[in-house]
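Visitor: Got a predicted structure here, sequence first:
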Amino acid sequence: MRALRVLLSLALSLGLTLTLGAQTPKKILFDHTRHEEAGTSAEWVICSASEPDPSPAAPVYETDWNGGISAWGFDLYKAGYKVQTLPPTGRVTYGDATNAQDLSNYAVYVIPEPYLLFTAAEKQAILSFVQNGGGLFIVCNHPGAARYSGTGGTDAYTVFNDLVAVNGGNPYGFTFVPGHGPGDTLANTTSTAFSTSTSPAAQAIVHGAYGSLGLMDFHSYSYLNYSTAQNPNVQEILHTQISGDTGSFIVTCTVGSGRVVAISDSAPSDDGTTTTSGKSLHNSYTINSNKAFFLNATAYLAGDAGPVAPTPVVGITSPSSNLSILAGGSVNFQGSATISDGSALTYSWSFGDGATASVLGPISHTYTAAGTYTATFTATSNQGKSASATRTITVTPASYTITASAGTGGTITPSGAVTVASGGSQTFTIAPAAGYVISSVTVDGVNQGALASYTFSNVSAAHTIAAAFAASAGSSLKETFDTGTKTAYAVGTVTLSTGSWTLDDALLGNTTADRKVGTQSVRTRNSGRITMGFNFATGAKTVSVKHAKYGSDGNSTWGLWYSTNSGSTWTQAGSTVTTSSTTLATASFTVNVTGAIRFQIRKTDGTSNRVNFDDFQIAGY
């Protein structure tokens, strides 16, 4: 019982989670098949005296295990993981039921500075392990650090560059390049250049359960180069801060459903303790952010989020609600933010018009242009957790400009540009000349029908009004679709010689496959529609339109509809037509409706077969 109390007390003092009960722990495997303990300055094992299971099975202190990276293994044990070593006699396999330590039995495989190359079969086994959801932790060193002098001995730099070269490519997306080795004045350095990415990988490693990373130290190391062309998911976690150097100290990637973390120096994992004589170790594991990195990264590779960092609670106290102001006015902003763990917060404002600030407040901001703006206040914790609050600021201009114009055959009063005060109104009178009728009134590009007058009330933006007029007797209309441009099927309005038309699932086609008279015709597909955006003032006796199949498409059906209330409701004219020829044919419809009228062509079969329409004609009264 006393031993259990000691365990719990020590776990709490370390800030770790001790897993108790019947839950099966995830397993972490440290490799020892590549002479990781060779030489006098390397002992990258957790417990060389007892493998595969370190002894004692329930350590109280890190020094109960005797390897140079026993502290890393001990902390993982305290966090609830099952820690094992793949001994020198072990086999690197994946999916081999005869191997009790097959990689498929583990969540994470750690390779700490190896000195022998992996075979082709072993490389494939490691790749398969990652592709199927495993976590791979690669711990490298500088070129030339070949601790093992036996047959095939080489440095970790070479081993890992060979490991990632598999199946004729590099699925991992990174390689190691020379850095700074022993005797180099730059061999001992630090870096704080951690990724600011919001990706899950960067957040889990840089702002993980075991602390946010601030600084790491490196002692004789290589660099990492990474290529998103080889692996689009590879990303940098820590960059060098040595002037003139461009490499990365730490990168991560995903391959298949698995994860990989690579660090270019082994010294940060060295805890400086061992019972093996003759070893000259470097005590780095517990300094700076080294320990937090190795634990965050291992938990990330194992798919464990760990304790969740708290999220700030934010608000905007000023203004207390959404606000409307005139252009040129100012708003006083004040934010509020708290966080449950009391950690440091940083603040930012985005005022919606491109301006920003990095204060809690108060701060005054002036809006010079009319519009609707979203002001956003954000607070971010030192573990990367953030929350935001917003206010909508509606800015109205002090005055507005309304422009009116008339086509041939009528007048608009007043005409030209008219200035109206904010909140004011303006009435326009539209009058046809002798022999003409109002055919359409368009406001800001939207057809309003054949109105005799138009009133702007409670003006809140710049407007343009335009009226079109048509002869009042014996009139006719012919649209050839030879003017205007519309190259996409998406719904849109196009100005043609007769006025504004809306083409929905339709475009203006001018290819050799488009059947047409002149330079272009309308091409429709699916349930496309061709709609007049204006009224033909004198009514319609008959309507005719030419139609043909587009290219080598199949048959289609379509019909003609008309509206006498500016498009509110529609009535079909005549019967449905079948288009079965690639030669333009004329379909005629008897309408006999007096008064203002507009038309719409509807493709009714709903298939992807395309139909061309041309020379739309109305014979009026």
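Guide: It's in. Residues are numbered from 1 along each chain as shown.

Visitor: isn't Ser358 right up against Thr346?
Guide: Yes. The pair Ser358 and Thr346 passes the contact test of Cβ atoms under 8 Å, sitting 7.2 Å apart. For every residue, glycine as well, the C-beta is placed using N, CA and C.

Visitor: between the two, which one's more packed in?
Guide: Of the pair Ser358 and Thr346, Thr346 is the one with more neighbours under other Cβ atoms under 10 Å, namely 15 against 9.

Visitor: so the more buried one sits in a strand?
Guide: Yes. Thr346 forms part of a strand when assessed by DSSP: H, G, I helix; E, B strand; the rest coil.

Visitor: Quick check: the gap between the closest residue to it other than its chain neighbours and Ser284.
Guide: Leaving out its chain neighbours, the residue that sits closest to Thr346 by Cβ to Cβ, 6 or more residues apart in numbering is Thr380, at 5.1 Å. Noted for Thr380: a distance of 30 Å to Ser284, by Cβ to Cβ, to the nearest Å.

Visitor: can you check Tyr550 too?
Guide: Counting by Cβ to Cβ, the gap between Tyr550 and Ser284 amounts to 72 Å.

Visitor: cool, and Val395?
Guide: Distance from Val395 to Ser284, by Cβ to Cβ: 56 Å.

Visitor: can you check Val60 too?
Guide: 23 Å.

Visitor: Those two: who's more crowded?
Guide: Ser284 (21 against 12).

Visitor: which ones are touching that one?
Guide: Listed by Cβ atoms under 8 Å, 6 or more residues apart in numbering, the contact set of Ser284 reads 217, 219, 267-272, 290.

Visitor: quick one: the closest residue to Tyr223 other than its chain neighbours from Ala165, how far?
Guide: Of all residues not flanking Tyr223 in the chain, Gly247 sits nearest, at 2.5 Å (Cβ to Cβ, 6+ apart). Separation of Gly247 from Ala165 (Cβ to Cβ): 19 Å.

Visitor: Which of those two has more residues huddled nearby?
Guide: Ranked by neighbour count (other Cβ under 10 Å), Gly247 and Ala165 place Gly247 first, with 20 against 14.

Visitor: so after the helix or strand hosting Thr158, what's the next helix or strand?
Guide: Element membership of Thr158, judged by DSSP states H and E, is helix 156-164. On the C-terminal side of helix 156-164, the nearest following helix or strand under DSSP H and E is strand 174-180.

Visitor: what's the least confident helix or strand in this protein, going by average pLDDT?
Guide: Counting by mean pLDDT, DSSP states H and E, the chain has its least confident helix or strand at helix 2-14, which shows a mean of 34.

Visitor: In the helix or strand that that one is followed by, which residues are buried?
Guide: As assigned by DSSP H and E, the chain's next helix or strand after helix 2-14 is strand 27-31. For strand 27-31, the neighbour count (16 or more other Cβ atoms under 10 Å) marks 27-31 as buried.

Visitor: which residue sits closest to the residue nearest the centre of the chain, ignoring its sequence neighbours?
Guide: When the chain is reduced to its mean C-alpha position, the nearest residue by Cα atoms, centre = their mean turns out to be Ser199, at 9.9 Å. Distances taken as Cβ to Cβ, 6+ apart put Gln235 closest to Ser199, at 6.5 Å, once the chain neighbours are dropped.
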